[in-house]
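# can you look at this prediction? I've put the sequence above it.
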Amino acid sequence: MRIIRGKYKGKRFSPPKKFPSRPTTDMAKEALFSILDARMYFDRLEILDLFSGTGNISLEFLSRGVGKVVSVDQHPVSYKFQQKIAHEIDDVNWSIIRKNALEFLAETPLKFDVIFADPPFDFDNLQEICETVFERELLLEDGVLVIEHSDRKSLKKLPNFKREKSYGGVAFSFFEKE
């Protein structure tokens, strides 16, 4: 896993063997950040990274100078790995929370510019993610929810769907306030 751009560009992190999640590929990550870069300025953005796994996406946002990243993952191996990286890079803008993502969404008082969710491909509650984000108004003005999922699954019928982009077996679905 490597950071593509920004202050941590080129930095590599190696998750332990048999890590419990699949990191977003460099090709898909580059495409995602190209889309987001065309639509918003990264400085001072508030980011929520759900099912954060290796912290790959969180680190890419931090490297690009966002204001704050909150990473949420319930798996102890993911949490410990992200804590290790956080200690190495010593970035005060990164908060790592060990919690179920759906519970976090249901309870958080925070609002975000970007909510990125990368649940396991067999996760069945994608609609609940969308509904909770929009019912609880967790996005700031002009905010976006991005869900990474298998390109074999379509999220076009979920509320607030705007567009989908696919890259090598992975798709990103974008959701915005009406």
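Perfect, thanks for sending it.

# show me what counts as buried in stretch 9-18.
Under the neighbour-count criterion of 16 or more other CB atoms under 10 Å, stretch 9-18 has 13, 15 buried. Quick note: C-beta positions are derived from backbone N, CA and C, even for glycine.

# what mean pLDDT does that stretch get?
Across stretch 9-18, pLDDT averages out at 81.

# how would you label the spatially most distant residue from the centre of the chain: helix, strand or coil?
Largest separation from the mean C-alpha position in the chain: K17, at 22.0 Å (CA atoms, centre = their mean). Three-state assignment for K17 (DSSP: H, G, I helix; E, B strand; the rest coil): coil.

# relative to M1, how far out is it?
From K17 across to M1, the span is 13 Å (CB to CB, to the nearest Å).

# next: L45.
Using CB to CB, one gets 22 Å for the distance from L45 to M1.

# got a list of contacts for the lowest-mean-pLDDT helix or strand in the chain?
None of the helices or strands of the chain scores lower by mean pLDDT, DSSP states H and E than helix 26-39, at a mean of 90. Helix 26-39 has contacts (CB atoms under 8 Å, 6 or more residues apart in numbering) with 2, 4-5, 24, 42, 56-57, 60, 64, 114, 144, 146, 148, 165, 167-168, 170, 172, 174.

# which one's the longest strand in the protein?
Counting by DSSP state E, the longest strand found in the chain is strand 139-150.

# pull that strand out as CSV, backbone CA atoms only.
Extracted in CSV, the C-alpha atoms of strand 139-150 (Å, rounded to 0.1, in the frame of the first residue of the first chain):
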residue,chain,number,x,y,z
LEU,A,139,-23.1,15.6,5.2
LEU,A,140,-22.1,19.2,5.2
GLU,A,141,-23.3,21.5,2.4
ASP,A,142,-22.1,20.1,-0.9
GLY,A,143,-21.0,17.0,0.8
VAL,A,144,-20.8,13.6,-0.9
LEU,A,145,-21.2,10.0,0.2
VAL,A,146,-19.0,7.5,-1.7
ILE,A,147,-19.5,3.8,-1.4
GLU,A,148,-16.9,1.4,-2.8
HIS,A,149,-18.4,-1.9,-3.9
SER,A,150,-18.1,-4.8,-6.4
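
# in that strand, what counts as buried?
By neighbour count on 16+ other CB under 10 Å, the buried set for strand 139-150 is 139, 143-149.

# and after that strand, which helix or strand comes next?
strand 161-167 (DSSP states H and E).
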